[in-house]
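Undergrad: no sequence for this one, just the structure:
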């Protein structure tokens, strides 16, 4: 007997929306029952994404939370920051499981949220029930959750690189440097001059230096994992490519005797039961394209004996493991299913 | 009860090989029993393609036709031109179904082959049993075949654009112009200076003008479809992207009264039972990336009433519908399975 | 004694504006006296283009035609279509030489303009004095002009490919097919979703099929060159690169005896005195990047004896020879200077 | 009276060679008198680089050091590592000024060279006279030199970012992390699989982690500048673009009271007389494409008060300021000319 769960997506017109629609085509137990949008309400989804002609027959409807809760057991919120926290409480109250792809439910401390994202949070009670949606680190919490604040794209790549080091106290916490590189799809589908192909192609540049909003998210989870307050140096760069994030993570090892092989052993053990993390053999460093089109995170680990630093290279598809695929992975856990269910397992190469 | 068919791939190290390996991961009835290579024999497949670490556990073995035929019911030949015709006869004789991805078995007239590809063909008898592997046009022949010469990448995109026009006698045959654009993966994995990123990125240029070897292949099938000898103008261009072919096809309509809507009707009818062809609505022209990562061919059709020309835009993934996916589609037919079995159905976008 | 001419640029904030500002840095006789813009008025030019920090010290001022005419002997109009024709008459009346980069002054017949571009033209008298700004074809007219409608980007590449064929009556006029490919900078700096890197990278698609507005421009000049009405098939494609246009031009030769060498001779003779056209040797076809960063047009010519067609490949930098460089070339002629003065002569490669 | 100096280029066929040939077209006092190559000897230079057809009329000759020294006052060596040190001594002995673009003459200690590059150095006496070719740091030494080992591409971008910090003792030396990103042209024109467009496009990955050969070069100069031994963490990444390097440099400030404005003042003062270094205003970070096609280095500086780190972003064109342009800049100094003479001053944008 096949179990079928009805799903709603609010914010269907953006890249998060189209990823979810695409992923759910392959999921055996999920059916889209409601596609909701604001400016796109009333349009056929294929008007927004014509490549789905003849393949996806869905219409975008207005955001009517009552109707959505009536029709859907699960709701994905794929909206700009500062919007989900006005919707999630009502949906949870009506019995929906809610997965938010924005930053709204990633922070245990809403003051930190408001400091970095603004907004006026009156939903403290429901926010307190939210779980951070990074399954490799919070699997059992997610299994029990009704509200998940899915991890951000940069934090996903970065925290999977850092977690074994932090959990096991292997590094000097004040030495963490994260140099991250993202494809332009991370900027969303809204037209901005700096994301035009003519501007962003054939070039790389940093942005948000020393002030990007994924910094406190990385720090919150890093502190949680290490049991001590952690400040990180996080620098994102815009890459001339569509998809993919590479996070290059540096830190000083506390034990000068550790070599790359030790770290490989530690990482393989740490991720032994993580089907979406692929720890590469010594000397192999991931290409972002290896991850693109899959829900995988590839990790390469190297120790520099000259400097006593560990360097971890972490590659994901920012749109899948960094966003919508991860949300489906979380949902799989929330439903008691295998966490790999219905998710793409390998990239096409080249 | 699940039927499982054993498969061999000769020429595993190239892009055709890695596509097949990847595609077969998702196919419910096919198991790889033999990966064969020449220079790569003895290596783990993950040494060639490290992103498959922990996911594909296969070793490349020497090309031993007897051993291959012993272990495999089906053999894919993914080799440079001029090699398959020395292997296919023996494999067919031993009872294997053979699908060749090179040009060796695409030509009914081996003189044409030798004129454009060189070589010394002594395999006329077996070549005469080969079927041209473009399922949308030769489905029933493929179903009965033991040897298939899978269609080339440019010919696939181009012939799917031309076939309705040719079969129904709608165009002046001497007016066909094919302006085709391909991603650089079409040039294979062998290192050549002109395919370096530093050379080919941020640029476009034509090559093989008036002499590309896919010309006689397109002409052979076009003549077959129209029942008259056809010469075409075919110009390929190297694109600064990895995957994808767009074929822009021009021809003069014989009936000046035909409008775009007529053509849309004709194309939709022609491909009604072709699950891998997606005829777009009027005014929508395909992007190559819509097809990439799937076995789909997208067609856009336009009539210019000022010039009486029809313009057809045809987009495929050159590595899937233009090569390995098509081979699996052919095999599905040869085995009596649904032709969509195990093949990727939709791109990720963007 | 160095002659210095004062120059104004109206529409400074777009790509045309920044190209002109850049080109004029290297011109020995031109000084920018007025940068005018609408939404950007009041800003430092380096706020719009920070790479010019410490190199260009100019402020964008409001569009005040009187002030511009007072300060400037020459004015470049680099605006969207339908705006220049409200400004050029006043500027010409005040004695300025005017070069318009939009379509407004490219058409001898304003009805054709209004049919394809809309607008309400009341400036027939002044428009009648405008010269089409493609120096290789209208050099002596430009030398005497006070108002030049600089040729469009696609028409420039295409007409330089077609001109020798049309002038010498070598082709069947109803067989002209133009398959053109442009980098995304051709779409300008205004943010549009379809020009985002995430949308347009790693892909190619056609647009404006059978209805692009450069069609009547190409046809007007083609008819003028051949002395007969000409209709062309023109299909533009958006390329995943920043700069460059390749126009692949097809036509049937009237004389079946002509071979490539004949055409090479004809093209070399036709462009003997054209310093910005580089006719390539037989068998060499241009890459767009060869032209990028220079004012050159590269031409490759091939005859297909099988089909009796000539294929001409024409590559330019759409922002230089296709726009601002050409405007400076025109101005050089208007001022009686060498037409190569101050213009970039060769690309950097790779 | 115009002074003309005759120049030879050994290793003309690679990217360094073609950059030099291109740059020298615009230099008022340099004439190419000898183009030397090994496998390319006997060929016209336009056979290697057809875009130079009709523009550069030079033939590649065999590497005959006597003949080169007879004809040339200056010789550029643009060869793979380990070759120049067999040629430079003879050329210097014959009175040529020699600029080497490889690593051969960058190291004061030849043991370090041999440890990282191999080879067998018997040229200690002449190597001892070599000057490190980074004019912003060693201008007066270069002015007096006859043999210059031009700085590497990554070291150039990185050392210009680090120099003010090191010279003024502003940072904790053991905290330097350099995360660098380079376009694929840095890998040269020799065909390698990993540099194919199909492999390297649409992706980013690190290489040479903890062992890249530019590490000791950066360390040597950093130690020299700071007066103390310095070890750095240097990680290069291959970017999906042709040209450009971005070096993102991190270090902890010793003085917790320093803010970004202080650093801006320091950098502007340090580079006051450096015409090729452009220190950007606060909050502006360089795009690599801003530098491409020019000899400029763009620097952006930021202090993170939370972590007490300074982050410096440094962008150059790896082929110009990172290689051939820098060599010409060095030569300008060696000849007593203005160091900007004949070099490209600004990129085209976009």
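TA: Yep, it's here. Just so it is clear, the model here is predicted, and its values are computed rather than measured.
Undergrad: so how many other residues sit close to residue A:265?
TA: By other CB atoms under 10 Å in any protein chain shown, 12 other residues sit near residue A:265. Yep, even glycine has a C-beta here, placed from its N, CA and C like the rest.
Undergrad: mind checking which helix or strand it is in?
TA: Secondary structure assignment for residue A:265, by DSSP states H and E: helix A:260-270.
Undergrad: May I see the buried residues of that helix?
TA: Buried residues in helix A:260-270, counted by 16 or more other CB atoms under 10 Å in any protein chain shown: A:260, A:262, A:263, A:264, A:266, A:267, A:268, A:270.
Undergrad: can you check stretch A:244-262 too?
TA: A:244-253, A:258, A:260, A:262.
Undergrad: hmm, that stretch touching chain D?
TA: Yes: Stretch A:244-262 lies within reach of chain D by CB under 8 Å from any CB of the partner chain, at A:244, A:246, A:248, A:250.
Undergrad: so the residue lying closest to residue A:80 once chain neighbours are set aside, which of the three states?
TA: With CB to CB, 6 or more residues apart in numbering or on different chains as the criterion, residue A:80 has its nearest non-adjacent residue at 6.6 Å, and that residue is residue A:102. In three-state terms, and counting by DSSP: H, G, I helix; E, B strand; the rest coil, residue A:102 is coil.
Undergrad: who's in contact with residue A:102?
TA: By CB atoms under 8 Å, 6 or more residues apart in numbering or on different chains, residue A:102 lies in contact with A:77, A:78, A:79, A:80, A:81, A:82, A:83, A:84.
Undergrad: count of neighbours near the third one?
TA: Here the number of neighbours of residue A:79 (other CB under 10 Å) works out to 23.
Undergrad: doesn't residue D:233 make contact with residue A:309?
TA: Yes: between residue A:309 and residue D:233 there is a contact under CB atoms under 8 Å: 5.4 Å.
Undergrad: Write out the residues of the stretch 151-300 of chain A neighbouring chain B.
TA: A:185, A:189, A:201-202, A:242-243, A:278-281, A:284, A:286-287, A:290, A:292-293, A:298.
Undergrad: Which members of those are positioned in strands?
TA: Cross-referencing these against strands under DSSP state E gives A:278, A:279, A:298.
Undergrad: Could you check how far the residue nearest to the last one when sequence neighbours are not counted is from residue C:72?
TA: For residue A:298, the nearest residue in space outside its immediate sequence neighbours is residue A:286; the separation is 3.6 Å by CB to CB, 6+ apart. Residue A:286 sits 56 Å away from residue C:72, going by CB to CB, to the nearest Å.
Undergrad: now swap in residue A:108 and tell me
TA: Relative to residue C:72, and taking CB to CB, residue A:108 is found at 62 Å.
Undergrad: Just want to know which of those two has more residues nearby.
TA: Between residue A:108 and residue C:72, counted using other CB under 10 Å, the more crowded position is residue C:72 (25 against 16).
Undergrad: from the residues of the stretch 151-300 of chain A next to chain B, which would you call buried?
TA: A:185, A:189, A:201-202, A:242-243, A:278-280, A:284, A:286-287, A:290, A:292-293, A:298.
Undergrad: For residue B:139, state which of those is nearest.
TA: Relative to residue B:139, the closest of these is residue A:293; by CB to CB it sits at 29.0 Å.
Undergrad: Just say helix, strand or coil for the residue nearest to that closest one when sequence neighbours are not counted.
TA: Counting by CB to CB, 6+ apart, residue A:347 is the residue found nearest to residue A:293 once chain neighbours are left out, at 4.7 Å. Classification of residue A:347 by three-state DSSP places it in coil.
Undergrad: isn't residue A:347 right next to residue A:294, touching?
TA: Yes: if you go by CB under 8 Å, residue A:347 and residue A:294 touch, sitting 5.0 Å apart.
Undergrad: OK, contacts around the closest residue to chain B within the stretch 151-300 of chain A?
TA: Residue of the stretch 151-300 of chain A nearest chain B, by CB to the nearest CB: residue A:290 (3.5 Å). By CB under 8 Å, 6+ apart, residue A:290 lies in contact with A:296, A:298, A:315, A:347, A:349, B:50, B:51, D:203.
Undergrad: cutoff 10 Å now
TA: Residues near residue A:290 by CB atoms under 10 Å, 6 or more residues apart in numbering or on different chains: A:244, A:278, A:280, A:284, A:296, A:298, A:315-317, A:346-347, A:349, B:49-53, D:203, D:205.
Undergrad: cool, residue A:275 as well?
TA: A:135, A:136, A:295, A:296, A:329, A:338, A:339, A:340, A:343, A:345 are the contacts of residue A:275 under CB under 10 Å, 6+ apart.
Undergrad: and these, which are buried?
TA: The neighbour-count test (16+ other CB under 10 Å) marks A:135, A:136, A:295, A:296, A:329, A:339, A:343 as buried among the contacts of residue A:275.
Undergrad: Doesn't the fifth one lie inside a helix?
TA: Yes: under the criterion used here (three-state DSSP), residue A:329 sits inside a helix.
Undergrad: Residue A:344 is in contact with that one, correct?
TA: No: contact criterion CB atoms under 10 Å: residue A:329 and residue A:344 do not qualify, at 11.3 Å.
Undergrad: Do me a favour and average the pLDDT over stretch A:206-215.
TA: Average pLDDT, stretch A:206-215: 98.
Undergrad: Also stretch A:13-33?
TA: Stretch A:13-33 shows a mean pLDDT of 98.
Undergrad: that older thread, which residues are common contacts for residue A:329 and residue A:344?
TA: Shared contacts of residue A:329 and residue A:344, counting by CB under 10 Å, 6+ apart, come down to A:295, A:320.
Undergrad: who touches residue A:55 in this structure?
TA: Contacts of residue A:55 (CB under 10 Å, 6+ apart): A:21, A:22, A:25, A:46, A:49, B:278, B:294, B:296, B:345, B:346.
Undergrad: circling back to that earlier point, overlap in contacts of residue A:347 and residue A:294?
TA: Residues touching both residue A:347 and residue A:294 (CB under 10 Å, 6+ apart) are A:317, A:320, B:51.
Undergrad: Same list, these, but as a markdown table with neighbour count please.
TA: A markdown table is the format used below for the shared contacts of residue A:347 and residue A:294 (neighbours: other CB atoms under 10 Å in any protein chain shown):
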| residue | neighbour count |
| --- | --- |
| A:317 | 32 |
| A:320 | 30 |
| B:51 | 25 |
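Undergrad: any low-confidence regions in chain A?
TA: Scanning chain A with the threshold set as pLDDT under 70 gives A:1-2.
Undergrad: domain parsing for chain A?
TA: The record assigns chain A these domain ranges, following automatic domain parsing: A:5-129, A:154-318.
Undergrad: chain center to the last one: distance?
TA: Domain A:154-318 has its average C-alpha position 13 Å from the chain's average C-alpha position, going by CA atoms, centre = their mean, to the nearest Å.
Undergrad: isn't residue A:168 right next to residue A:265, touching?
TA: No: the pair residue A:168 / residue A:265 is not scored as a contact, 11.5 Å apart, by CB under 10 Å.
Undergrad: Overlap of the contact sets of those two?
TA: Between them, residue A:168 and residue A:265 share no contacting residue, judged by CB under 10 Å, 6+ apart.
Undergrad: Endpoints of stretch A:144-152, how far apart?
TA: The straight-line separation of the ends of stretch A:144-152 (CA to CA, to the nearest Å) is 21 Å.
Undergrad: Ok, stretch A:190-207 next?
TA: Distance across stretch A:190-207, first residue to last, is 18 Å (CA to CA).
Undergrad: what does chain A have sitting close to chain C?
TA: Selection of chain A residues close to chain C by CB under 10 Å from any CB of the partner chain yields A:15, A:48, A:183-203, A:238-243, A:319.
Undergrad: Swap in 8 Å and give it another go.
TA: A:15, A:183-185, A:187, A:189-193, A:195-202, A:240-242.
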